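>>> Pasting the sequence and the predicted coordinates here, then a few questions.
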Amino acid sequence: MNHISPVLWEFLVKWMTNFALFPPEASKIAPEMDALFFFMVLVSVVGMTIVILLVTTFCILYSKGRHPVAVQIEGSTLLEATWTIIPLGLFLLMFVWGALIYFRVYTPPANAMNIYVVGKQWMWKAEHPGGQHEINALHIPIGRPIQLTLISQDVFHSFSIPAFRVKREAIPGRYTSVWFEATATGTYHLFCTQYCGTNHSQMIGDIVVLTPDDYKKWLAESTSGMSLAQNGERLFASLSCNACHNAKPDARGPSLASVYGSKLPLSTGGTVLADDAYLRESILNPSQHITQGYAPIMPTYQGQVSEEGVIALVEYIKNLNSNYRIEQTLNTTDMLPEGEAKAAPVTPGGVEPRPAPPKTAPQGMVKP
Amino acid sequence: MSATIVSLPDQSTARIPKMNFITKENGLLSWLLTGDHKRIAVLYIISLTFFFFIGGALAGLIRLELLTPQTDLMAADTYNKVFTMHGVIMVFFFLVPSVPATLGNFLIPLMLGAKDLALPKINLLSWYLYVAGGALAIYTMASGGVDTGWTFTTPLSTHYVNTNVLTTGLAVFIAGFSSIFTGLNFIVTIHKMRCPGMTWFRMPLFVWAHYAASILMVLGTPVVAIAIVLVALERTIGIGVFDPTKGGDPLLFQHLFWFYSHPAVYIMILPGMGVISETISTFSRKRVFGYTAVAFSSVAIAVFGFFVWAHHMFIMGISNYAVLVFSLLTMLVAVPSAIKIFNWTFTLYKGSITFETPMLYTFGFMGLFTIGGLTGVFLGTSGTDIHLTETYFIVAHFHFVMVGGMLMAFLAGIHFWWPKITGRMYPEKISQLAAVVTFIGFNFTFFPQFILGTLGMPRRYAAYPPEFQVLNVFSTAGASILGVGYLLPILYLTWSLKYGEIAGNNPWQATGLEWQTQSPPLTENFAVTPIMDHEAYDYEWLEKQREKEVASVG
Amino acid sequence: MSDSTAIAHGGHAAPDNTHAGGHEHPAYLRHHFENVEQQADAAGFAMWLFLLTEVMFFGGLFTAYLIYRNWYYPAFVEASHQLNIFWGTLNTAVLITSSFTMAMGVWCAETRKQRGLVLCLVLTFILGLGFLGIKTVEYKEKIEKHHVPGFHYSLSSFTDPVSDPEIYKEYHDKPLALDMARHTEVYFSLYFAMTGMHALHMIIGIAILGFMIFRARAGAYTSGHVTFVENFGLYWHFVDIVWIFLFPLLYLISRHQ
């Protein structure tokens, strides 16, 4: 061995033992996906073997030296049917199996813990409901379903955790989501897998799976102050959402208490499920989502609030099961320094709101 | 008994026929203003080879950079430009035109017994459009490149890069029209210019394959043209069709782009499959097993190919139900390709097989395309696609079908019809060596990439985690072997132009009409219009022909 | 080996390109065709196929239009009110008439009426120019009112329709909220993309018409070889049909209300 260059030897020995041929399985769905994957590998190996065996055998048996005169054969409907139906059957089996897994990965359970992820060139920002922010990292507890709600601030990105076998595009303009449940502690790769410009290859990070106790410790250590919902509450006041959505009887906007998850009747006739996407759209493109019985006067906040701001507002609204916190925002508005609460912009010449019933005039509202 | 079917005329007395399409007229203008489909095919061979080597050099740069985990050979921006240009050139300026524009142009009139394609001037225009598009692509490279990826994903391409998106888009747009006109020409020729007796089911399967590919060219390419126009408008004046802040939707671009780009992969592979049908028949001395099934499966691939585009978008946020539909249709489109592989395999059954170079490339195609096609099923299955998409698994998959499949078929075809085009044979031993070297190099280069993809290594990464290095080094080593395998044919084919053995009309003793006329052919292909009175791949008819010639005087 | 083992003898006797072989065919028969019928047949088929590609080309734009109109209907309605029905209808009449004159031209070519053919082509040419002229007037208006996406696009006509008295008088539009008003820019993008692409095809057609008038006066199309005129007629009718789809989609949204 000493006539092999030491560099080459190091390469051969050290590096080759250092890599595995398959990623670790660290989520609940991983073994299920791997089962399908290995089934497909098996089918492929068998199929390849059949083809190679046939070709090799025919080449040996029917080479020109051995078989100088070819026998003209038109075909065989039986054989055609066989090699049409068997592959089709196998492919359809894979289709069904794969579809089941696919639906599972993209249908989060109701009790999943939600973490928001904003992708931007060239980093991932994770926002935990408790207010913890992470860049290019995600700390999660083992054994709990975690849902990621993704959005991009600029171009397409893709949030990929190979060890969990999950991946989802983060696109601008719309939330996408994916869920998983980690089954093994450790640190795993996070990659951006949709080409997004110069530093696409640097948009990588770590997924840190912790035991429940370690996770609690981490939460406590990395809280930076307000939770997402508290942040949202602050924005709700400073953007003067409470000017219309103040839960008073003659309010110009519908009450937002418990609106998340409910079925809302729209002014255009249908009903819509008020999910994250709906809430985001109502803030940025309200004209298309007017609740029945209300005038289409809500202005758009496109350009006035960032994606993180929208996430904070959405999280705030999701946690409203009573009007208490909304009323708190009215107090907040009062307490804001002069001029900081913006005048609630209203579409000029818009339809007049319903006449106020003869009651005390609402207080603390900024004039239109 | 010799282990080859090659039958050459007596070299001491044989001459290239004095009057042929090459000697008919002299001078550069006679070539640049020709209407002769054979001359246009030769023009395409030259320009195509040029672009292939540029694309190949870019590939070499990619693999060199990926030897190490860090971005040390070039800056990340440069790497992004390199892989983008590699993709643009290889897809639009090599793979899409490859077999149709060279072998298709040359052979379809000959195979049908026609004197030329239906629209010779349009054919020449096609070539000029191709060259213009290619020149623009080269200009783009020289003036700073473009780094959007060949897929031009919005909003990256519309608002977030300041590289030459517009010129590249224009280059692709122009090349698209070249493709449309070629396909149009083929369809009209096949419908309207078959010689007497040449029914649809007497045509060679090569023609069927090109017919199917031409349908795709004609119907699919305009959609990518309009997608590029919209990107250009969005980029220059900000019209907003793809911009969410203006109410547009970036996913609309994805739909428009992949509506063409999926059929495009069938445009690329179907003509190669046509070549394989011809070579496997000739070198087994047998009619292709299940002619009708192979013909119909080509058309089936073309038709189904239009309905599966969103399998490139499974994780992009389209609805789960859309995913169901497209995944199911993808399974359906996989079946005709499987049918073909089995039909070709059974063509070998009870044949009389020899192993000349085109046959070696054919075997390479069958093995590598099968692997590539099967891994396509991995990706069409929505569940596994989640893990495998956007990684090196995809890169390996499409290189297996395109390079292991299409490029091998192209080389098989070039070698098979080289004697017909040039009148000379290439040197057999070195060409067989090149085929084997290519096969080995290919597997070394691209098989490790399947493993890298399963491990999760993303595509389009200039830098990667260190544990992926070993497989990347294997891949680069393979690429250097592959490079040798592609360089050798350039050398010996050029050599053969002067020193190759004279081939005669039908060195392979093949059955097609193109082999019943001189090599190289006359400008008008046939002295008298042939009448097709036998089936395709009729080796018994061929035997009777030879007996007649031996028996007749002179 | 003989240089051709092709079987039958028929058709052309002379393999070279000179006409000294004593065979008769019109001068315009290209030599890779067996006869003029095959040539005309092939050319016609090729033109229909080309028009099919054009359908796919415009199809992408129509698809985008249908999707966005579905999503942003109120914006599309109010934006379409900015288009002048009078000019649009006039343009439609102009194009349909030009299709008629073109069809007449084809008939003249087939019946060898040279003067008639030239007249019809000239009329078609003028009508085509008329269409473009009217389009220019319309585009100018859009530019003046800042309704061109990307060039100081103005939302005021939609957020405050009263500020646009001519349109308001006719339609009494309600003001749009800002976010819906922004979507009118998508309407106008598609308007310019679709009518612009159509106008480009018109310009190409008019240029070819010019060439054809020149050749028709020399008698090129009235001596039996009508393929060029016929196939150009197909192209012209296609461009007309595209407009027949564009007009209601762009101009006539919700006119029935």
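Nice, I can see it. Residues are numbered from 1 along each chain as shown, chains lettered A, B, ... in the order given.
>>> List, one by one, the residues from the stretch 101-250 of chain A near chain B.
A:101-103, A:105-107, A:121, A:154-156, A:158, A:160, A:162-163, A:165-169, A:171-174, A:176, A:189, A:191-202, A:204 (C-beta under 8 Å from any C-beta of the partner chain). All C-beta spots, glycine's among them, are computed from the backbone N, C-alpha and C.
>>> Now the buried members of these.
A:101-102, A:105-106, A:121, A:154-156, A:158, A:160, A:162-163, A:165-169, A:171-174, A:176, A:189, A:191-202, A:204 (16 or more other C-beta atoms under 10 Å in any protein chain shown).
>>> Excluding residues flanking it in the chain, which one is nearest the residue in the stretch 101-250 of chain B that chain A sits nearest to?
The stretch 101-250 of chain B approaches chain A most closely through B:Pro244 (2.6 Å), counting by C-beta to the nearest C-beta. The shortest distance from B:Pro244 to any non-neighbouring residue, by C-beta to C-beta, 6 or more residues apart in numbering or on different chains, is to A:Gly173 (2.6 Å).
>>> Over to A:Leu228?
Per C-beta to C-beta, 6+ apart, closest to A:Leu228 is A:Glu315, 4.0 Å.
>>> so how many other residues sit close to the one you found?
25 (other C-beta atoms under 10 Å in any protein chain shown).
>>> next one: the one 4 residues further on
By the criterion of other C-beta under 10 Å, A:Asn319 has 16 neighbours.
>>> Please list all residues in contact with it.
Applying C-beta atoms under 8 Å, 6 or more residues apart in numbering or on different chains, we find A:Asn319 in contact with A:229, A:325.
>>> Return the distance of it relative to A:Gln202.
Distance of A:Asn319 to A:Gln202, computed by C-beta to C-beta, to the nearest Å: 35 Å.
>>> Equivalent analysis for B:His415, please.
45 Å.
>>> Likewise for B:Ile394?
Relative to A:Gln202, and taking C-beta to C-beta, B:Ile394 is found at 21 Å.
>>> dump the residue contacts of B:Ile228.
Applying C-beta under 8 Å, 6+ apart, the residues near B:Ile228 are B:152, B:169-170, B:172-173, B:176.
>>> just the residues you listed: which has the poorest pLDDT?
When the contacts of B:Ile228 are compared on pLDDT, B:Phe152 comes out lowest, with 93.
>>> wait, that one sits on B:Leu256?
No. Look at B:Phe152 against B:Leu256 with C-beta atoms under 8 Å: they stay out of range, at 10.5 Å.
>>> Same drill for those two, tell me which one is more crowded.
B:Leu256 (27 against 23).
>>> distance of that one from C:Gly196?
Distance from B:Leu256 to C:Gly196, by C-beta to C-beta: 18 Å.
>>> before we move on, the earlier item: out of the contacts of B:Ile228, who's nearest chain C?
Closest to chain C, out of all of the contacts of B:Ile228 and judged by C-beta to the nearest C-beta, is B:Gly176, at 10.1 Å.
>>> right, and that closest one touches B:Val223 too?
No. Judged on C-beta under 8 Å, B:Gly176 makes no contact with B:Val223 at a distance of 9.7 Å.
>>> Run through chain C and note the low-pLDDT ranges.
C:1-23, C:256-257 (pLDDT under 70).
>>> Spell out which residues of it are next to chain A.
So chain C meets chain A at C:71-72, C:74, C:159-160, C:162, C:174-180, C:182 (C-beta under 8 Å from any C-beta).
>>> how many other residues sit next to B:Leu488?
A count of nearby residues for B:Leu488, using other C-beta under 10 Å, gives 17.
>>> if we can go back for a sec, need the contact list for the residue nearest to A:Leu228.
Here A:Glu315 is in contact with A:116, A:129, A:227-229, A:231-232 (C-beta under 8 Å, 6+ apart).
>>> Would you mind giving the residues you listed as CSV with secondary structure and pLDDT added?
Listed next are these as CSV, based on DSSP: H, G, I helix; E, B strand; the rest coil; pLDDT from 0 to 100:
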residue, secondary structure, pLDDT
A:Tyr116, strand, 95
A:Pro129, coil, 84
A:Ser227, coil, 86
A:Leu228, helix, 86
A:Ala229, helix, 88
A:Asn231, helix, 88
A:Gly232, helix, 90
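>>> ok, so of these, who is nearest chain B?
With C-beta to the nearest C-beta as the yardstick, the closest approach to chain B among those comes from A:Tyr116, at 15.7 Å.
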